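Asks: need the 3D shape of this:
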Amino acid sequence: MKKVLIVGGVAGGATAAARLRRLNESAEIIMIERGEHISFANCGLPYYIGGSIANREDLLLQTPESFRRRFNVDVRVQSEALSIDRESKTVEIKDRRTGKTYSESYDKLLLSPGGAPIKPPIEGINSEQVFTLRNMSDTDKIKEYIQKNHPKSAAVVGGGFIGIEMAENLSEAGLEVSIIELSDQVIAPLDIDIACDVHHHLRRHRVSLHLNNGLQRIIEQNNSLSIELSKGSIKADMVILAIGVRSESLLAKDAGLKVNERGGIVTDRHMLTSDPDIYAAGDAVEVTDFVTGQAAMIPLAGPANKQARIAADNICGIQSEYTGTQGSAVIKVFDMTVASTGINEKTAKRLALNYDKAFLWLTGHAGYYPGTSSMSMKVIFEKESGKILGAQIAGYDGVDKRCDVLATAIRAGMTAADLTRLELCYAPPYSSAKDPVNMAGYVIENILTGKTKSFHWHDVDALPRDGSVTLLDVRTRGEIIHEGMNGFTNIPLDSLRERLGELDPSKPVYIVCHSGLRSYIAARILTQNGFDAFNLSGGYRLYNAVRC
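Replies: Next up, the predicted model:
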């Protein structure tokens, strides 16, 4: 290996170039980038727009000049790869500043072109008041427009990670913000029962949600925009398109490299494409879902960097393999933290897996120590083994830490029993003696061993109200006066043992409390007294949150 040509100079390309140089000091390494900047912090762009990051230069992790000095890499910005001649092992490149084209040879080629924002072909999409966010130039345009025109409102099309981050940061910049989302929820990796917490939080921060609604056209009207939707219309002074990204894989496809139906470049575990001298990494690459083993497109910064490093290793003769993406992700939603890892329930259903789920509502650290708050946790697990398949958490205190532990558990193939055995750091300001991760293990272990039977928020309304089952609410009288449940009889938990005679042991008992803890205790009392008892996982809090 004498000469390596890298197409793309952001996360994947820059990582690969640096790794290649650390492994081989004598190789000729050329990195071309279509844009003006390399190795910029694209995940930080929304926070610069919102003002949390004050200095633009902080986003530029490396400049072409600094990268050249440190890694002795020939960095060529504003240089676009037009085509690949695999037979002659050359790439035709256009210098976008001069318009001239030239041919560059390679011994090994690495493609890391990333993804491009999706722009639907609708009326008004090319208005100067409509923006996408992919690079520093896009960021500068949005920032400049806000500073010069002082818009009062913005519509964000798309409720994914970029859409939510932009909504938050535009709101922090003083704009009234609406989110338009074609699905019935934001943040697609979540299930609706966790996403509903995000919906409520966004609305508390005065972000308007237009769910189950699609963008139809955009009409300019007196420096404002009329945004017509499949259901109704709204007005805004600017629009951010955050619908998603498509793979920038046309270069690979035109060269005859294997791509999937979504345009993702197909590679093996060494990040090698269908050509023995061409590697690929990053958002444009098809990956294997670590949990399901199926092919997937999961554009995330962490996996892109890992793939680039693995590609560089293999180019240098080091056997290194990428073992799959599990989709671990975290997002800040104002003061809320939302995280997920592994598969969600939607995926488990689609694949007809033999799974179950557990909901928990737990504090981030010891309740007696000031400043804690509760987090809503959902864990997907395999019924036969208790193996952890996925987790989603929304809350305020320690969410990222718990999701990271569960992500590690999934990568290690751990079961619920393994979670109970984890010895995690404890002090009152940081956790509880039984950490939420341990508690998730205990709850699932109780389900697997038959110590408790669960029913869920989506089962409640279908329960018979004809007297054939007992519906029991073990909250206090004061709680149910404000938030009662239709058809449920109230016997507070602390009175249950004395009032067992009021219940018919021949009927199944479905029990509810606020979070699922008191109803679990009630279920244990009833089970040991001959009743067939079921506990509402996640409690009334979750049931009410999803319905509202």
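Asks: what about Lys455, neighbour count?
Replies: Not quite, residue 455 is Phe, not Lys. Using other C-beta atoms under 10 Å, Phe455 is surrounded by 17 other residues. Glycine gets a C-beta too; all of them are placed from N, C-alpha and C.
Asks: give me the phi and psi for it.
Replies: Torsion angles at Phe455 (phi, psi; degrees, to the nearest 10) stand at phi -130, psi 170.
Asks: wait, it sits on Val512?
Replies: No - look at Phe455 against Val512 with C-beta atoms under 8 Å: they stay out of range, at 9.3 Å.
Asks: list residues touching both of the two?
Replies: With contacts defined as C-beta atoms under 8 Å, 6 or more residues apart in numbering, the residues shared by Phe455 and Val512 are Leu536.
Asks: just give me the residue right at the centre of this structure.
Replies: Ala329 (4.3 Å; C-alpha atoms, centre = their mean).
Asks: for the stretch 351-500 of the chain, just list every one of the strands.
Replies: For the stretch 351-500 of the chain, the strands defined by DSSP state E, counting those that start in this stretch cover 355-363, 374-382, 388-395, 454-455, 470-473, 489-490.
Asks: dump the residue contacts of Arg97.
Replies: Gln78.
Asks: doesn't it fall inside a strand?
Replies: No - Arg97: not assigned to a strand; according to DSSP: H, G, I helix; E, B strand; the rest coil it is coil.
Asks: what about stretch 66-80, start to end distance?
Replies: 21 Å (C-alpha to C-alpha, to the nearest Å).
Asks: again with stretch 238-253
Replies: OK, stretch 238-253 end separation, C-alpha to C-alpha: 35 Å.
Asks: check stretch 128-145 too.
Replies: First-to-last distance for stretch 128-145 - C-alpha to C-alpha - comes to 9 Å.
Asks: what comes up buried for that stretch?
Replies: 129-136, 138-139, 142-143, 145 (16 or more other C-beta atoms under 10 Å).
Asks: can you list contacts of it?
Replies: 10, 35-37, 40, 42, 45-46, 48-49, 59-60, 114, 116-117, 119, 124, 151, 162, 166, 218, 220, 225, 237-242, 245.
Asks: buried only: go through the residues you listed for me.
Replies: Buried by 16+ other C-beta under 10 Å: 10, 35, 37, 40, 42, 45-46, 48-49, 59, 114, 116-117, 124, 151, 162, 166, 218, 225, 237-242, 245, out of the contacts of stretch 128-145.
Asks: among those, which are in helices?
Replies: When these are checked against helices (DSSP state H), the matches are Leu45, Pro46, Tyr48, Ile49, Ile162, Met166.
Asks: backbone dihedrals for the closest residue in space to the fifth one that isn't next to it in sequence, please?
Replies: The spatial neighbour of Ile162 that comes closest, neighbours along the chain excluded (C-beta to C-beta, 6 or more residues apart in numbering), is Ala242 at 4.3 Å. Recorded main-chain torsions at Ala242 are phi -130, psi 50, according to degrees, to the nearest 10.
Asks: Ile125 too?
Replies: Per degrees, to the nearest 10, the backbone of Ile125 is at phi -70, psi -20.
Asks: so the closest residue to it other than its chain neighbours, which of the three states?
Replies: Nearest-residue entry for Ile125: Lys119, 5.6 Å, with adjacent residues in sequence omitted and distances by C-beta to C-beta, 6+ apart. Three-state call for Lys119 (three-state DSSP): coil.
Asks: per-residue pLDDT, Lys119?
Replies: At Lys119, the model reports a pLDDT of 92.
Asks: per-residue confidence averaged over whatever helix or strand Thr341 lives in?
Replies: Under the criterion of DSSP states H and E, Thr341 resides in strand 336-342. Mean per-residue pLDDT for strand 336-342: 98.
Asks: now that strand: buried residues?
Replies: In strand 336-342, counting by 16+ other C-beta under 10 Å, buried: Met336, Thr337, Val338, Ala339, Ser340, Thr341, Gly342.
Asks: again with stretch 194-212
Replies: Within stretch 194-212, judged by 16+ other C-beta under 10 Å, the buried ones are 194-199, 201-202, 205, 207, 209-211.
Asks: gap between Thr101 and Ala417?
Replies: Going from Thr101 to Ala417 by C-beta to C-beta, to the nearest Å gives 62 Å.
Asks: try Lys253
Replies: Distance, Lys253 to Ala417, by C-beta to C-beta: 47 Å.
Asks: which one's more surrounded, the two?
Replies: Between Lys253 and Ala417, counted using other C-beta under 10 Å, Ala417 has the larger neighbour count: 16 against 13.
Asks: and the pLDDT at that one?
Replies: 98.
Asks: again, but for the one 10 residues further on
Replies: The predicted local confidence for Ala427 comes out at a pLDDT of 97.
Asks: identify the residues contacting it.
Replies: Residues near Ala427 by C-beta under 8 Å, 6+ apart: none.
Asks: what about Ser15, how many neighbours?
Replies: Careful, residue 15 is Thr; it's not Ser. Count around Thr15 with other C-beta under 10 Å applied: 23.
Asks: from the chain's centre, how far out does the helix or strand that contains it sit?
Replies: Following DSSP H and E, one finds Thr15 within helix 11-23. With C-alpha atoms, centre = their mean, to the nearest Å as the basis, helix 11-23 stands 26 Å off its chain's centre.
Asks: hang on, the earlier thing: among the ones in helices among the buried ones among the contacts of stretch 128-145, which one sits closest to Ser537?
Replies: Set against Ser537, the nearest of these by C-beta to C-beta is Ile162 (32.2 Å).
Asks: which ones are touching that closest one?
Replies: By C-beta under 8 Å, 6+ apart, Ile162 lies in contact with Pro46, Leu133, Ala242.
Asks: which of the residues you listed lies closest to Gln78?
Replies: Here the nearest of those to Gln78, counting by C-beta to C-beta, is Leu133; it sits at 19.7 Å.
Asks: now the closest one: how far from Thr470?
Replies: 54 Å.
Asks: same question, Ile118
Replies: 52 Å.
Asks: the buried residues of stretch 128-145: which two are farthest apart?
Replies: Gln129 and Met136 (20.1 Å).
Asks: contacts for the strand holding Thr341, please.
Replies: Contacts for strand 336-342 (C-beta under 8 Å, 6+ apart): 187, 189-190, 194, 197-198, 201, 290-291, 326-331, 380, 388-396, 399-400, 402-403, 406-407, 410.
Asks: neighbouring strands of that strand in the sheet, and parallel or not?
Replies: Next to strand 336-342 in the sheet, as set by DSSP bridges, lie strand 329-333 (antiparallel), strand 388-395 (antiparallel).
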